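A.B. asks: The following block contains a protein sequence and its predicted model.
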Amino acid sequence: MYRYDNHDQILVDERVAQFRDQMRRYLEGKISEAEFLPLRVQNGLYIQRYAPMLRIAIPYGMLASYQLRKLGEIAARYDRGYGHFTTRTNLQLNWPKLEDVPDILAELASVQMHAIQTSGNDIRNTTTDQFSGIAADENVDPRPWCELIRQWSTFHPEFAYLPRKFKIAVTGADQDRAAILVHDVGLRLWRDDKGEVRVTVLAGGGLGRTPMIADVICEDLPWQHLLTYLEALVRVYNQFGRRDNKFKARIKILVKALGVDEFRRRVEQEWAHLKDGPQTLTPDAVTAVASHFVDPERREIPAEAIAAYEQMRVENRAFSRFVTNNITDHKTPGYKAITLSLKRREHSPGDVTSEHMAAIADLADEYSYGEIRVTHEQNLVLTDVAVDRIEELWHKLDALGLANPTVGTLADLICCPGGDYCALANAKSIPVAQAIQERFEDLDFLYDLGPLELNISGCMNACGHHHVGTIGILGVDKKGEEYYQISLGGSQGNDASLGKILGPSFFRADVPEVIDKVLHVYVGNRQPDETFLDTYRRLGIKPFKEHVYA
């Protein structure tokens, strides 16, 4: 993974010193609350419902074991012994003391981490496929390109005060696991007939109050022009995006208002001033960044070990369940990627204790060359596990409570912190998630349902991505009472779609029963090999609505 050079380290260290002085002056009353607000959000610091919240950047979801170990130490020393992994692959501390934040940032800097641009109206953490570099269906490794975008966007002087936050996602595989169609900008990397990297640029996607699917702005961009084209695109948004209404300030509103053809024309017009300029990428520049992302020296796995792994899968039902849902094929024969589910009823989805962070870091060192990935589904991944060690690892994960064989099922739900923490939330999300997990914990039933994404958001900001959940749940406020709106039919992959609202909202206590009724319609009407999404798209929303509200 990428390691800081001297410029990176100096930049981060200087930012820590700068913020330490700003915090001192604020606590001494020399900086007002209004003056301090833009300074703190530039360093990932929010004031939530009950306490400050610090959002720590995990660029494109990559963590070294020593970094995860440090996050656990920080959570134990400065918080309440746990952290929360978000749908942007960052980590949030929900209970730090305001005066401790400079010390936390200094500790992060000691392991090449920071909280820069994890909030504010700037270019946020770029996300990508959690299996980048190892996926069997990958055409282009997106990690070097994500790093180039990170370097370009960090402290970009022109884009520090955009109309609104700006999010970029990148994929280089046949299957989009980065949800590029619902981002401000989505990038699909591919290769032409000569093997050259090309980029399809999409813009105007997003969730929140006005969810939209992105449009293609440039179908076939040569890799050399990636940064100059992004520069032109963000310039157009920065100039013409709404600043008078924060609910209409995202780029998706601008693309819709102008129309995709006019938006494209303005980007091309701006790009004419930047194309072939100083930010044009060169082979040497790309090679220098790509050199950080080298494959580990994986040993060759004998055929008999692979055969033994497959035999155990046949003979051991519990192990087979784990393999089916939590293990992903690897580009290297004899290796697999293993997803650790962070979805347990005793913790909020995405939460990890300090003890578990330390344990996972140790397992990464022992089984996965010291590397961990964070997924936007709020799970963690060990990327390079040899098949002759998977059984041994599985037993250790089971002892830690991290071997739940439920990834990709109804139990693998996405959930924002909601009203338990967030000052913006209309309703609580975590109790709803826990009630659903309790209602549907039978593994045979979960397996019979097949792949299903249930996403929960506590407000219209959609941090839980409820719009693209197969089943989405949105907390709403009705005259001071918490209600929950259900939507069906969302999808975040190659065929991304936005869910449709089922009908009037429900009391919190009724939500598990409503989900049960929705599933009853699916099970009663599905055809062989149909997923929930297949059945929904074939039937439409009417039979689900009729049964739920009968």
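C.D. replies: Thanks, I have the structure now. From a predicted model like this one, the values you see are computed outputs, not experimental measurements.
A.B. asks: Identify the residue spatially nearest to the residue positioned nearest the centre of the chain, adjacent ones excluded.
C.D. replies: Central residue of the chain (CA atoms, centre = their mean): His376, 2.5 Å from the mean position. Closest residue to His376 in three dimensions, ignoring its sequence neighbours and counting by CB to CB, 6 or more residues apart in numbering: Thr87, at 4.8 Å. In short, each C-beta sits where N, CA and C put it, glycine included.
A.B. asks: Okay, that neighbour and Arg124: tell me how far apart.
C.D. replies: 12 Å (CB to CB, to the nearest Å).
A.B. asks: who has more neighbours, those two?
C.D. replies: With neighbours defined as other CB atoms under 10 Å, Thr87 and Arg124 compare such that Thr87 has more, 23 against 20.
A.B. asks: Quick check: that one touching Cys463?
C.D. replies: Yes - using CB atoms under 8 Å, Thr87 is in contact with Cys463, at 6.3 Å.
A.B. asks: So for those two, which residues contact both of them?
C.D. replies: By CB atoms under 8 Å, 6 or more residues apart in numbering, Thr87 and Cys463 have these common neighbours: Cys416.
A.B. asks: Export stretch 251-261 to PDB, keeping only CA atoms.
C.D. replies: Taking C-alpha atoms only, stretch 251-261 is exported to PDB below (Å, rounded to 0.1, in the frame of the first residue of the first chain):
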ATOM      1  CA  ILE A 251     -23.400  18.500  -8.500                       C
ATOM      2  CA  LYS A 252     -26.400  16.200  -9.300                       C
ATOM      3  CA  ILE A 253     -28.700  19.300  -9.200                       C
ATOM      4  CA  LEU A 254     -26.400  21.200 -11.500                       C
ATOM      5  CA  VAL A 255     -26.300  18.300 -14.100                       C
ATOM      6  CA  LYS A 256     -30.000  18.000 -14.000                       C
ATOM      7  CA  ALA A 257     -30.700  21.700 -14.300                       C
ATOM      8  CA  LEU A 258     -28.300  22.200 -17.200                       C
ATOM      9  CA  GLY A 259     -29.000  18.900 -18.800                       C
ATOM     10  CA  VAL A 260     -26.200  16.400 -19.400                       C
ATOM     11  CA  ASP A 261     -25.300  17.600 -22.800                       C
END
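A.B. asks: Walking through the stretch 401-550 of the chain, point out its helices one by one.
C.D. replies: Along the stretch 401-550 of the chain, the segments classed as helices by DSSP state H, counting those that start in this stretch run 430-439, 443-449, 511-525, 532-539, 542-549.
A.B. asks: now the ones you listed as TSV including mean neighbour count, mean pLDDT and distance to Ile390?
C.D. replies: Shown next, in TSV, are the helices of the stretch 401-550 of the chain (neighbours: other CB atoms under 10 Å; pLDDT from 0 to 100; distance: least, CB to CB, whole Å):
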stretch	mean neighbour count	mean pLDDT	distance to Ile390
helix 430-439	19	96	26
helix 443-449	15	95	19
helix 511-525	17	98	31
helix 532-539	18	98	29
helix 542-549	15	98	39
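A.B. asks: Let me have these in JSON lines, extended by distance to Glu99.
C.D. replies: Shown next, in JSON lines, are the helices of the stretch 401-550 of the chain (distance: least, CB to CB, whole Å):
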{"stretch": "helix 430-439", "distance to Glu99": "28"}
{"stretch": "helix 443-449", "distance to Glu99": "45"}
{"stretch": "helix 511-525", "distance to Glu99": "40"}
{"stretch": "helix 532-539", "distance to Glu99": "48"}
{"stretch": "helix 542-549", "distance to Glu99": "50"}
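A.B. asks: pLDDT at the closest residue to Gly120 other than its chain neighbours, what is it?
C.D. replies: Nearest residue to Gly120, sequence neighbours excluded (CB to CB, 6+ apart): Val41, at 4.4 Å. Val41 carries a pLDDT value of 94.
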